[in-house]
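**Student:** Sequence below, structure please.
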Amino acid sequence: VARLKRLRKADDTVMAIEMTTMPASVLPQPQAIGHSLYEYLEGIGKPVVRALQHIRAVNASVAQAELLKVRPNEALLFITRFGYLADGQPVEITHTWCRNDYYDFMVELFT
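**Tutor:** Sure thing, here's the model as predicted:
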């Protein structure tokens, strides 16, 4: 497998910590990724076309708090994403810990 640990930034502020795991058959050269994993995957003909995300609240560990410049045990948004290729093959699991002051989610529901 290939594992990526990335810090998501805005104006030099770390907004999120992201850990991605993918099969090496899909991501054989992770060091070749530029600024966007999904752009890279599209460029090699293996785009993620569908994803499921689960969002919940967690408390920041000491290490996460240090990276995110928040207090330990401060509430974070924790997102788990499962990404799939067009043929339905699962190829991505990403865990993201987000500062609660940089993210806002809205969901529209229909009946």
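
**Student:** Please count neighbours and contacts with C-alpha atoms only from this point.
**Tutor:** Will do.

**Student:** Show me where the chain has its strands.
**Tutor:** With DSSP state E as the criterion, the chain has strands at 2-10, 13-22, 50-59, 75-84, 90-99.

**Student:** Using a markdown table, lay out the ones you listed together with distance to residue 105.
**Tutor:** What follows is the strands of the chain, written out as a markdown table (distance: least, C-alpha to C-alpha, whole Å):
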| stretch | distance to residue 105 |
| --- | --- |
| strand 2-10 | 17 |
| strand 13-22 | 15 |
| strand 50-59 | 10 |
| strand 75-84 | 10 |
| strand 90-99 | 12 |
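
**Student:** which intervals of the chain have sub-threshold pLDDT?
**Tutor:** Counting by pLDDT under 70, the chain contains no low-confidence range.

**Student:** just to revisit the earlier point, which among the strands of the chain is found nearest to residue 35?
**Tutor:** Among the strands of the chain, strand 2-10 comes nearest to residue 35, with 10.3 Å by C-alpha to C-alpha.

**Student:** Kindly calculate the angle that the closest one makes with strand 13-22.
**Tutor:** Here strand 2-10 runs at an angle of 160 degrees relative to strand 13-22 (axes from the mean of the first three to the mean of the last three C-alpha atoms, to 10 degrees).

**Student:** which other residues reach strand 2-10?
**Tutor:** 14-24, 27-28, 30 (C-alpha atoms under 8 Å, 6 or more residues apart in numbering).
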